[in-house]
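Engineer: build me a structure from this.
(chains A, B, C, D, E, F, G and H)
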Protein chains: 8
Amino acid sequence: MELTVYLAGQIHTNWRKEVQKQAEKKNLPLKFVAPQTNHDRSDQIGEDILGKQPGDIYKDDTASSINNFRTQVLMEKSDVVIALFGEKYKQWNTAMDASAAITMNKPTIIVRPESLVHPLKELSNKANVTVETIDQALDVLAYIFE
Amino acid sequence: MELTVYLAGQIHTNWRKEVQKQAEKKNLPLKFVAPQTNHDRSDQIGEDILGKQPGDIYKDDTASSINNFRTQVLMEKSDVVIALFGEKYKQWNTAMDASAAITMNKPTIIVRPESLVHPLKELSNKANVTVETIDQALDVLAYIFE
Amino acid sequence: MELTVYLAGQIHTNWRKEVQKQAEKKNLPLKFVAPQTNHDRSDQIGEDILGKQPGDIYKDDTASSINNFRTQVLMEKSDVVIALFGEKYKQWNTAMDASAAITMNKPTIIVRPESLVHPLKELSNKANVTVETIDQALDVLAYIFE
Amino acid sequence: MELTVYLAGQIHTNWRKEVQKQAEKKNLPLKFVAPQTNHDRSDQIGEDILGKQPGDIYKDDTASSINNFRTQVLMEKSDVVIALFGEKYKQWNTAMDASAAITMNKPTIIVRPESLVHPLKELSNKANVTVETIDQALDVLAYIFE
Amino acid sequence: MELTVYLAGQIHTNWRKEVQKQAEKKNLPLKFVAPQTNHDRSDQIGEDILGKQPGDIYKDDTASSINNFRTQVLMEKSDVVIALFGEKYKQWNTAMDASAAITMNKPTIIVRPESLVHPLKELSNKANVTVETIDQALDVLAYIFE
Amino acid sequence: MELTVYLAGQIHTNWRKEVQKQAEKKNLPLKFVAPQTNHDRSDQIGEDILGKQPGDIYKDDTASSINNFRTQVLMEKSDVVIALFGEKYKQWNTAMDASAAITMNKPTIIVRPESLVHPLKELSNKANVTVETIDQALDVLAYIFE
Amino acid sequence: MELTVYLAGQIHTNWRKEVQKQAEKKNLPLKFVAPQTNHDRSDQIGEDILGKQPGDIYKDDTASSINNFRTQVLMEKSDVVIALFGEKYKQWNTAMDASAAITMNKPTIIVRPESLVHPLKELSNKANVTVETIDQALDVLAYIFE
Amino acid sequence: MELTVYLAGQIHTNWRKEVQKQAEKKNLPLKFVAPQTNHDRSDQIGEDILGKQPGDIYKDDTASSINNFRTQVLMEKSDVVIALFGEKYKQWNTAMDASAAITMNKPTIIVRPESLVHPLKELSNKANVTVETIDQALDVLAYIFE
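Structural biologist: From the prediction side, this is the model:
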């Protein structure tokens, strides 16, 4: 039984590579999908495809429509969602993706540092599992295959 | 036709009163519901009901379970969701509520200042309507009754 | 038992008044809701609320987000949808609303002149009932109360 | 990860071949399905299978039941829908298919020329992404696999 | 708490009156809805509204579209379905309505004579409760209010 | 694209073999599933597995629970349902399966002789396509692959 | 805003009266529904309505079909479920009702003594809120109306 | 056609091995999944991954969140659920899993000894099939493939 895992979360560090590396080390039958992790590409994708827009709000709306399309396709293909929060950035897309996943009954793991316990408490409570490190998230996934 | 409107968003200013006042001025047949807006009560509700917990993470989890229960009951009773974002705070509950509402097909309006256009672009794009002021959100609701 | 009926269709003639008048004549316990029927208002609503946009495509997108919001709120409140097609105009909103209603399992009546039998054949076939006149549509609604 | 794409839209030009050719050029793992693109066959299919009908309206209804059956089977198998509008024809089936797909939460791309921005504004706003050319639609699909 | 009960079943005897009379005698807060019970009207309704059809199969299809529309509206308004089978007639509409109700999770009671135990065994097994008489069906409804 | 087809209907003739043979002749990528077609086994299965029951009604209920289990598993695996009605027998299971399939949005074809047009008119009208012969049903399936 | 609350749980003590009394003392706009709380009636209801059965297993199955019918009608009418576990009895109906409610997204509170923390841990974790006393459950409901 | 079967139930005996052995003997194309059957591991998994908790209630809640995550992933992958009850233990997880499965329309078989007929009567009545032995459950699964 192979599972597809959507990795929601910030795209400023390469934490997804770490997830993948550990999954391989543990020999877990997991396939990972994710939002566009090239930040510039993600911001430019609207104008890259549809051409110059008349201002930032329109550029952003165009990009976001394509990013949302991508997320919707990939999340529907996923069995599990991992949503990682870090200490920097607003990370509203992470919150949006985690909440959408939970509402769609996708089993969801939240990864967040101890410093974010309080502001993320309602979202953590709605998620299936909340952990502090990528290692722990992979341990939870590994537990499915025990 | 009366509509029930869930007012998601921060609880540090009294923007919900402003919404209510304007709805009355416009004579709109709207009933408003909201999360607990007393911040201390919202943080303490777990210990208020279940007694002292062994640390902040447990206190937070207990409080959040009761806050989420309240939100779920009230959101299921609502026809429309307004989610307001301000410039301060992480506001992950606002993002969580807006995303859950959209995923449940509740018609959703996002209110956010221009400064937040970029970080909220994907959520804005998924919402039905995004505006910048409470006035505009009420104009959108008033438009239903024209 | 009162029913709420969403009247989808073009807004260039006052066919909705005709529907309402006949429902009253037949003493049917029906309440009608509809899209914005003031054409100019419907096209301007985006700029009316959100201010001047940088071009027609943006003005249109803003208006349509508010029109769609209105439709979603009202259609979810409706028990039945009547979608009327005339010989003029593209009427893609009528097709969109009828198809959305059918997909959501809202019982749906299509009203269309004989000249449109062929181009509307697939949509007619998916609707519950297809008739040619408003009179006939009201007869179908009256039949519920016999 | 292979995706199945339903290509809704008119059947008078061979735009689907163009889509397929470009997908192959880009090496995208896509499989395409579509309505019957032989126009005569599509109109005759009712009588082809069920025999002579007593008039056009009956011939049309019989054909449309089989066309709708085909569409329902194929759309349920699809991960993504592309709906292309051109300047000619009423294209109500395209609007019907796009609206059904969006209501079923199938990620949907609309392709339409600039001249149709206004009449398609509500449907565009409900779709995930709207573009003007097949090239752009394929760019959006390619973005999923980056 | 008032409940609306859809009374599916044959329209050749006045068993629905019996149900209503007993509900009144027991003072149960029930409201009853039903298919068209005037058999001729039910068969003619298509031609009554849409005019002469070119043969029986077309007359039947037109009538059935309006009968199905009526049933869908009323069943969606119902909290409970009672489906009564008698020894005569094929009663496929009764089986169709009961099966649709069960699939939609409407609590469903089947009333059938002992002679029909065998041919109705699978449908009985899927229904919530199966009884032999109208009296017993009313006893089951009365039990909700104890 | 292979499709799985559930063949609902009476089990007194070997019409399913005919379907299969024609599908092979037409080289259609179809896989067929069906209820238990050994009539005795179908009636006895409850006692075969659970032992002697204290009367026919109990024997029937036990058998039907296992038959319904089988049907539910197989129908959820199916992309399309064909429901065949003949002139003999009450065939309430056929009506039950067809109605359940339609309510679950499984694309459904009804096969019935002309003599059954009238009593099956409402069910026919709800199904996607109604034909008179197995040949025609296979033609409809073949049309998907054109 | 009045809420309907389903009170799942054992019927050997009169804890439901306690709930009701406290709700009145707190002036909460709550309406309560529940399973049959007369234990004998609940066990006999099958034979009371359908007559003598040929053994306990059949008597039990008949009773349970009517009890389940009652629960399904009342739970669908409810906005909130409270499920109370005590130290005696197996209480599988309580577990069944709580799990069904959670799966249907009914906001659910579990009340259980400290001694049952361990055996109920998975169900508690799936419920929205778990408390130890009726007082606390009412406090949670009261919090909705603050 | 291979089916995936979730084996809910107590983890104190190795009944799952028995199921598997019999499925192999009968050559049934079944794949089995299950909750964590190592009891200690199941109780410790929270602390194993997240570290020492401040008391049993917190240890239990952490463990259960990971156990529930596992169950949700595996049950969504399953076509059928078998829930086995024995005479010892409260087995609330078994009741919870069976009820969730039934509510999600997963075809469900309950296995329970005769001594549990009465306390499990409502759950048995909601399940598709109830049997007394593993042998019988396998016979029911085998029946699908006849």
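
Engineer: residues of chain A that sit close to chain C?
Structural biologist: By the rule Cβ under 8 Å from any Cβ of the partner chain, the part of chain A lying against chain C is A:Pro54, A:Gly55, A:Tyr58. C-beta here means a position set from N, CA and C on the backbone, and glycine is covered the same way.

Engineer: how many neighbours does the second one have?
Structural biologist: Neighbour count of A:Gly55, defined by other Cβ atoms under 10 Å in any protein chain shown: 12.

Engineer: next, it: phi, psi?
Structural biologist: Reported as degrees, to the nearest 10, the phi and psi values for A:Gly55 are phi 150, psi 170.

Engineer: do you know how far the closest residue to it other than its chain neighbours is from E:Leu74?
Structural biologist: Using Cβ to Cβ, 6 or more residues apart in numbering or on different chains and skipping the chain neighbours, the partner closest in space to A:Gly55 is C:Pro54 (6.0 Å). As for C:Pro54, its distance to E:Leu74 is 50 Å (criterion: Cβ to Cβ, to the nearest Å).

Engineer: neighbour count for those two, which is higher?
Structural biologist: The residue with more neighbours, out of C:Pro54 and E:Leu74, is E:Leu74; 21 against 12, by other Cβ under 10 Å.

Engineer: how about the secondary structure of the closest residue to chain D within chain A?
Structural biologist: Across chain A, the shortest distance to chain D (Cβ to the nearest Cβ) belongs to A:Phe69, at 4.1 Å. With DSSP: H, G, I helix; E, B strand; the rest coil as the basis, A:Phe69 sits in helix.

Engineer: name the element the closest residue to A:Val33 other than its chain neighbours belongs to?
Structural biologist: Residue nearest to A:Val33 in three dimensions, not counting chain neighbours: A:Leu74, with 4.3 Å by Cβ to Cβ, 6+ apart. Using DSSP states H and E, A:Leu74 maps to helix A:56-76.

Engineer: check which residues of that helix are buried.
Structural biologist: A:57-75 (16 or more other Cβ atoms under 10 Å in any protein chain shown).

Engineer: thinking again about what came up before, pick the one among the residues of chain A next to chain C closest to chain E.
Structural biologist: A:Tyr58 (41.6 Å).

Engineer: for the closest one, give me its contacts.
Structural biologist: C:Pro54, C:Tyr58 (Cβ atoms under 8 Å, 6 or more residues apart in numbering or on different chains).

Engineer: for chain A, give the residue positioned nearest to chain E.
Structural biologist: A:Asn105 (17.3 Å).

Engineer: tell me the pLDDT of that residue.
Structural biologist: As predicted, A:Asn105 sits at a pLDDT of 97.

Engineer: need the contact list for it.
Structural biologist: Counting by Cβ under 8 Å, 6+ apart, A:Asn105 makes contact with H:Gln72, H:Glu76.

Engineer: can you tell me the SS state at it?
Structural biologist: Under three-state DSSP, A:Asn105 comes out as coil.

Engineer: what angle do the longest strand along chain A and helix H:56-76 make?
Structural biologist: In chain A, with assignment by DSSP state E, the single longest strand is strand A:3-9. Relative orientation of strand A:3-9 versus helix H:56-76 (axes from the mean of the first three to the mean of the last three Cα atoms, to 10 degrees): 120 degrees.

Engineer: which strands and helices sit next to strand A:3-9?
Structural biologist: For strand A:3-9, the contact count by 3 or more Cβ pairs under 8 Å, 6 or more residues apart in numbering or on different chains; DSSP states H and E identifies helix A:15-25, strand A:30-33, strand A:80-84, helix A:92-103, helix A:134-144 as packing neighbours.

Engineer: export the shortest one as PDB, just CAs?
Structural biologist: As requested, C-alpha coordinates have been extracted for strand A:30-33 and formatted as PDB (Å, rounded to 0.1, in the frame of the first residue of the first chain):
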ATOM      1  CA  LEU A  30       5.400   7.200   0.300                       C
ATOM      2  CA  LYS A  31       5.100   9.500  -2.700                       C
ATOM      3  CA  PHE A  32       5.300  13.300  -2.000                       C
ATOM      4  CA  VAL A  33       3.600  16.200  -3.700                       C
END
